[in-house]
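Novice: I would like to see how this sequence folds:
(chains A and B, ligands or ions: 1)
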Amino acid sequence: MSKTVVIDPVTRIEGHAKISIFLNDAGEVDDARFHVVEYRGFEKFCEGRPFTEMAGITARICGICPVSHLLAAAKTGDKILAVKIPVAAEKLRRMMNLAQITQSHALSFFHLSSPDFLLGWDSDPAKRNVFGLIAADPDLARAGIRLRQFGQTIIELLGARKIHAAWAVPGGVRSPLSEEGRTWIRDRLPESFETITTALNLFKTLIDQQLKDEIGIFGEFPSLFMGLVGKDGKWDHYGGHLRFVDSAGTVIADGLSEDDYASFLGEAVEKWSYLKFPYYKPLGYPAGIYRVGPLARLNVCRYIGTPKADQELKEFRDRAGGVPTSSFLYHYARLIEILACLEHIQDLVNDPDVVSPRVRAEGGVNELEAIGVSEAPRGTLFHHYKVDEHGLIQKVNLIIATGQNNLAMNKTVAQIAKHYIHNSDIPEGFLNRVEAGIRCFDPCLSCSTHAAGQMPLHVQLLGADGHVIQEVFRD
Amino acid sequence: MDKIKFATVWLAGCSGCHMSFLDLDEWLIDLAAAVDVVFSPVGCDLKTYPEGVDVCLVEGAIANQENLELIYDVRRKTKLLISFGDCAVTANVPAMRNMLGSSSAVLKRAYLELGDVTPQLPDEPGIVPELLDRVVPVHEVVPVDIFMPGCPPSADRIRATLEPLLKGEMPVMEGRSMIKFG
Ligand code: SF4
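Specialist: As a prediction, the model looks like this:
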């Protein structure tokens, strides 16, 4: 008789979620489902708004990575105006995106995930959080808080506020960096480098020792990876073109333009989740599973282009003996990306263009349809608008980073469940691990379903006829 | 004296108000010394909203059946409930769908028109909560003690609201620095 386990909700991920686990007749795990249970409807209610408002509205999809929506909306807007934005504007947008990736990855590592690593999967759930970390390791907690603050403050220096800055606009940005802002960033960089070096060393020690097994259990499987890359395969987060590689490192599609996304990306829908299931069209659904985000970006690129991060990338690949394919290594990839961001910020802050006053190109509505793309901390983000001749939105499609990891998150949950659940028994500590499996992807569920929230944790074992055999609550 | 039992709740919002809370940065370390965080999507793994919470920040509007159930539970168990941010105070961006009438318009667009294989509505009973036809602010459903507007409220505003509460005083929600929307 097959059975189902439901976990409700998953905390310390950004959103509302539940998990079901299906057992087969032998009491072994058959499959798992990760349900996303919120939806707000941006793709519909934006219709009729001027396209220039899209940055402000879609930023409210997600408070963790509002900059991603700001940039994707602005890039789509550039194409509607049919202008080429000033060089300085592109550098400034890049700087804000680097700052955002830094703050968002710092949040994921220090505030949300490190309590599991440092306090233990099975430590007291009331303490296993950033406040528990503050109590257990105040220096590390403070350093992590200040690293996130570094990213958030750069966003504020550029856009006048930390969250939902109305700064990037179709045609460019509203204002350059000030000299004071430059000085602040330069002064704070050494501390930020120090913090990320500490975190990288700490994480490497952990995966050599106490977190060794997790790499094989937390979502270790082959899949495609997708992300933006620049010229000659350089790591990119803003421009360039899209590339797919497989787990052997073979480039299977390259030089793809966002304009053609509908030819290679499809979106499937399941009854049991508000989160859709994007897939790589040539392989069909669900065989076209691909991953996006930090791990994918490091796998699609040939090199990063800054010395320290390239050194780390080499070690990252050497340790895996090829292409790193474990989802647990998202954490590691995130730290390497922070280092890359800091190095790129260091280069940009010394670039005379970032204080240039020429930051915005003007234009009217010259194209009626446009697609913009940007790398959000969690992966590639697409905005697709159709407008009328007045620039009022007729149709919107948004393909969000976390959604593209939906198939991989489901697969990760199933792998963890198969490892821990035997003979219809949910062992102690299982819930924490399955949640941690999802947390590897740092899913921003408010983005992915254009929604957000939280609920109690609830695990159910159900028979094939739907009747409850066993229930576990965590409180 | 027992520490203040402090909670934060996330309903239909973008998490930006919670992120602004985390922008308290190092003051979080002081806050951690002054309160027990008993429930929070960003700071606590406990899954059931506990009894006897002293102060709760509520982010987000009421948009689905689950939001509704949670806010009744929160109100019953909380002494001082703060509508935290514009979504909680006015329903803000999530309420933009209200002008389309029922929730079916937004669902159809995302899952039927934009789903290219298996187009269907996510509606598995007991798994995905039903959307309410009208998104409403928190005070339309339960009484609210303090309104803290902002999209999101800045960390300074959050701190200026919480600091008096830690001393057992009520914050004065007046002036541009405390009650500006957006
Ligand atoms: S008030 Fe603004 S920042 Fe807060 S949840 Fe709503 S949209 Fe996000």
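Novice: need the phi and psi values for A:Leu228.
Specialist: phi -80, psi 140 (degrees, to the nearest 10).
Novice: tell me which helix or strand in chain B has the weakest average pLDDT.
Specialist: helix B:104-107 (a mean of 75; mean pLDDT, DSSP states H and E).
Novice: buried ones in it?
Specialist: B:Val106, B:Leu107 (16 or more other CB atoms under 10 Å in any protein chain shown). In this view, the C-beta of every residue, glycine as well, is placed from N, C-alpha and C.
Novice: and A:Phe225, what helix or strand is that in?
Specialist: According to DSSP states H and E, A:Phe225 maps onto strand A:224-229.
Novice: and the angle for whichever helix or strand comes after that strand with strand A:224-229?
Specialist: For strand A:224-229, the following helix or strand on the C-terminal side (DSSP H and E) is strand A:241-245. Put simply, strand A:241-245 runs at 150 degrees to strand A:224-229, going by axes from the mean of the first three to the mean of the last three CA atoms, to 10 degrees.
Novice: what does the stretch 201-350 of chain A put close to chain B?
Specialist: Taking CB under 8 Å from any CB of the partner chain as the measure of proximity, the stretch 201-350 of chain A contacts chain B at A:Gly266, A:Glu267, A:Ala268, A:Val269, A:Glu270, A:Lys271, A:Trp272, A:Ser273, A:Tyr274, A:Lys276, A:Tyr285.
Novice: surely A:Ala88 is in contact with A:Ser356?
Specialist: Yes - between A:Ala88 and A:Ser356 there is a contact under CB atoms under 8 Å: 3.9 Å.
Novice: re the thing from before, will you turn the residues of the stretch 201-350 of chain A next to chain B into TSV that also has distance to A:Phe51, pLDDT and secondary structure?
Specialist: Below are these laid out as TSV (distance: CB to CB, whole Å; pLDDT from 0 to 100; DSSP: H, G, I helix; E, B strand; the rest coil):
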residue	distance to A:Phe51	pLDDT	secondary structure
A:Gly266	25	93	strand
A:Glu267	22	89	strand
A:Ala268	28	89	strand
A:Val269	27	85	coil
A:Glu270	31	83	coil
A:Lys271	33	80	coil
A:Trp272	34	76	coil
A:Ser273	30	76	coil
A:Tyr274	26	75	coil
A:Lys276	23	83	coil
A:Tyr285	31	91	coil
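Novice: buried subset of the residues you listed?
Specialist: A:Gly266, A:Glu267, A:Ala268, A:Val269, A:Glu270, A:Trp272, A:Ser273, A:Tyr274, A:Lys276, A:Tyr285.
Novice: wait, B:Asp145 touches B:Leu81, no?
Specialist: Yes - using CB under 8 Å, B:Asp145 is in contact with B:Leu81, at 5.2 Å.
Novice: with neighbour numbers in mind, choose between those two.
Specialist: B:Leu81 (25 against 14; other CB atoms under 10 Å in any protein chain shown).
Novice: close to chain B, is the one helix or strand A:Leu157 maps to?
Specialist: Here A:Leu157, judged by DSSP H and E, is contained in helix A:138-159. Yes - applying CB under 8 Å from any CB, one finds helix A:138-159 touching chain B at A:Pro138, A:Ala141, A:Arg142, A:Ile145, A:Arg146, A:Arg148, A:Gln149, A:Gln152.
Novice: export that helix as PDB, just CAs?
Specialist: Extracted in PDB, the C-alpha atoms of helix A:138-159 (Å, rounded to 0.1, in the frame of the first residue of the first chain):
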ATOM      1  CA  PRO A 138      28.700  36.400  17.800                       C
ATOM      2  CA  ASP A 139      31.800  37.300  15.700                       C
ATOM      3  CA  LEU A 140      30.700  35.200  12.700                       C
ATOM      4  CA  ALA A 141      27.100  36.500  13.000                       C
ATOM      5  CA  ARG A 142      28.300  40.100  13.200                       C
ATOM      6  CA  ALA A 143      30.600  39.600  10.200                       C
ATOM      7  CA  GLY A 144      27.800  38.000   8.200                       C
ATOM      8  CA  ILE A 145      25.400  40.800   9.100                       C
ATOM      9  CA  ARG A 146      27.900  43.400   8.100                       C
ATOM     10  CA  LEU A 147      28.600  41.700   4.800                       C
ATOM     11  CA  ARG A 148      24.900  41.700   3.900                       C
ATOM     12  CA  GLN A 149      24.900  45.400   5.100                       C
ATOM     13  CA  PHE A 150      27.800  46.100   2.700                       C
ATOM     14  CA  GLY A 151      25.700  45.000  -0.300                       C
ATOM     15  CA  GLN A 152      22.500  46.700   1.000                       C
ATOM     16  CA  THR A 153      24.400  49.900   1.600                       C
ATOM     17  CA  ILE A 154      25.800  50.000  -2.000                       C
ATOM     18  CA  ILE A 155      22.200  49.600  -3.200                       C
ATOM     19  CA  GLU A 156      21.200  52.500  -1.000                       C
ATOM     20  CA  LEU A 157      24.200  54.700  -2.100                       C
ATOM     21  CA  LEU A 158      23.100  54.200  -5.700                       C
ATOM     22  CA  GLY A 159      19.300  54.200  -5.400                       C
END
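Novice: hey, where'd the strands end up in the stretch 251-400 of chain A?
Specialist: A:251-256, A:265-268, A:277-280, A:290-291, A:369-376, A:379-387, A:393-399 (DSSP state E, counting those that start in this stretch).
Novice: so which of the ones you listed is nearest B:Gly16?
Specialist: Among the strands of the stretch 251-400 of chain A, the nearest to B:Gly16 by CB to CB is strand A:369-376 (14.8 Å).
Novice: what helices or strands is the closest one leaning on?
Specialist: When contacts are defined as 3 or more CB pairs under 8 Å, 6 or more residues apart in numbering or on different chains; DSSP states H and E, strand A:369-376 packs onto helix A:66-81, helix A:87-106, strand A:224-229, strand A:379-387.
Novice: ranking the ones you listed by burial, who's on top?
Specialist: helix A:66-81 (a mean of 27; mean count of other CB atoms under 10 Å in any protein chain shown).
Novice: remind me what it packs against, helices and strands.
Specialist: So helix A:66-81, by 3+ CB pairs under 8 Å, 6+ apart, packs with helix A:54-59, helix A:87-106, strand A:168-169, strand A:369-376, strand A:379-387.
Novice: what average pLDDT does it get?
Specialist: Averaging pLDDT along helix A:66-81 yields 97.
Novice: list the contacts of B:Lys77.
Specialist: Shown in contact with B:Lys77 (CB atoms under 8 Å, 6 or more residues apart in numbering or on different chains): B:Tyr49, B:Pro50, B:Glu51, B:Gly52, B:Val53.
Novice: the third one: how many residues sit nearby?
Specialist: The number of residues packed near B:Glu51 is 10, by other CB under 10 Å.
Novice: relative to B:Cys87, how far out is it?
Specialist: 26 Å (CB to CB, to the nearest Å).
Novice: between the helices and strands packed on helix A:66-81, which one is nearest to A:Val229?
Specialist: strand A:369-376 (10.1 Å).
Novice: what about the helices in the stretch 351-475 of chain A?
Specialist: A:401-404, A:406-420, A:430-439, A:445-448 (DSSP state H, counting those that start in this stretch).
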